[in-house]
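Trainee: generate a structure from the sequence data that follows.
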Amino acid sequence: QVVSGQEFAAKFYPDSTFDNRHRLEKEAKACRFMYSNGINSVPKHFWSDLNLNFSLFEWIDGKEIVNVNDTNIRRAAEFVESLFEISKYTDNKDFPLATAACLNGEMIEKQIIRRYSKIIEIKDLASEVMDFLKDDFSITFEKVLSKSKKTWPGNFCKELHYKYQILSPSDFGFHNTFLTKDGLKFFDFEYFGWDDPVKLTCDFLLHPGMHLSKKQKNLWLQSMQKIFSNDKIFFPRLISSYGLYGLCWCLIMLNIFTDSYDNENYKVLGESFKIERKKKSQLEKAMDMLMHVNETYEKGL
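Mentor: Prediction:
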């Protein structure tokens with residue numbers, strides 16, 4: 001019910017002609033579904049127009065989380081637990097797979113190869129990026145993949161049974177969270193769908209937009225292990241896939257070099273220097289992530 005003077009958050013989505021991921025439909029359905037199942041820590045969806053690629057959501061009166069504390073970690077874990085609970089009673093056919101879902105090791109491997117090929121084939125790719133990918137990245141990928149296949153619990157190519165999958169936001173973390181007077185509010189569910197909870201767990205730890213202490217990372221891992229304790233190979237699968245997900249993030253951070261990245265905004269504003277500065281920053285982040293993957297390979301998680 002809408003009342004006079006009520007404020008909304010208006011969201012426009014990419015034209016489906018150029019982006020076939022149905023982001024509007026996924027997000028609207030996800031928010032309605034969670035809200036109807038008692039999860040009110042997400043924005044309420046009010047209205048959508050598919051022709052205009054436009055939705056109206058509840059306005060969230062809150063602020064960004066700049067410094068993460070242990071309570072924030074616990075609240076995020078509670079949100080995941082609530083998703084775990086409603087996933088148990090949801091038909092697997094009610095939602096599609098999450099965007100970039102990985103239900104086995106092979107799917108992670110293919111995603112890395114696909115992302116790598118997309119960047120390495122770019123015409124006039126900066127030499128430092130090319131060298132990084134062909135030398136450092138490729139060597140690490142080969143050894144991490146080999147170890148992952150050896151340590152994977154069970155068949156590397158066998159898809160995770162649906163009873164162990166979870167309805168996942170896919171892009172989950174404090175970069176998509178506001179702190180309000182009523183607690184944390186989570187938003188951005190454009191990629192919502194079924195996935196391995198190990199991917200959600202790893203992405204939360206690896207996301208470059210969050211800065212977690214070692215204690216907070218351990219708190220997150222312990223919380224996830226407790227929530228998914230019914231899955232006896234949850235942690236062995238996490239150990240085997242963590243490095244691969246780290247490699248995915250290396251490539252995601254290099255998306256700025258791809259043709260699909262919207263450079264035109266900078267050119268129109270006459271600020272093309274900003275894109276070059278951003279590219280340099282992203283390459284440095286990718287290098288740092290690769291260093292972390294190598295350290296984890298040597299010392300363990």
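Trainee: quick one: the strands in the stretch 101-250 of the chain?
Mentor: Here the stretch 101-250 of the chain has its strands, by DSSP state E, counting those that start in this stretch, at 166-168, 177-180, 183-186, 193-195.
Trainee: so which of these is the most packed in?
Mentor: strand 166-168 (a mean of 25; mean count of other C-beta atoms under 10 Å). (Glycine included, C-beta is placed from N, CA and C.)
Trainee: circling back to that earlier point, and of the strands of the stretch 101-250 of the chain, who's closest to residue 243?
Mentor: strand 193-195 (18.5 Å; C-beta to C-beta).
Trainee: report the distance from the closest one to the chain centre.
Mentor: Taking C-alpha atoms, centre = their mean, to the nearest Å, one finds the center of strand 193-195 at 12 Å from the center of the full chain.
Trainee: now stretch 173-189
Mentor: Stretch 173-189 sits 15 Å away from the centroid of its parent chain (C-alpha atoms, centre = their mean).
Trainee: quick one: end-to-end length of that stretch, please.
Mentor: 11 Å (C-alpha to C-alpha, to the nearest Å).
Trainee: Serialize the strands of the stretch 101-250 of the chain to CSV and add fields for distance to residue 72 and mean pLDDT.
Mentor: Below are the strands of the stretch 101-250 of the chain laid out as CSV (distance: least, C-beta to C-beta, whole Å; pLDDT from 0 to 100):
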stretch, distance to residue 72, mean pLDDT
strand 166-168, 19, 98
strand 177-180, 8, 95
strand 183-186, 7, 95
strand 193-195, 22, 98
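Trainee: relative to residue 110, which of those is closest?
Mentor: Per C-beta to C-beta, nearest to residue 110 of those: strand 193-195, 15.1 Å.
Trainee: and that closest one, what other elements does it pack with?
Mentor: strand 166-168 (3 or more C-beta pairs under 8 Å, 6 or more residues apart in numbering; DSSP states H and E).
Trainee: which secondary structure elements does the helix or strand residue 298 falls within sit against?
Mentor: Following DSSP states H and E, one finds residue 298 within helix 272-299. Secondary-structure packing of helix 272-299 (3+ C-beta pairs under 8 Å, 6+ apart): helix 138-151, helix 234-252, helix 264-268.
Trainee: so which of those is the most surrounded?
Mentor: Compared across these, helix 234-252 shows the largest average neighbour count, a mean of 22 (mean count of other C-beta under 10 Å).
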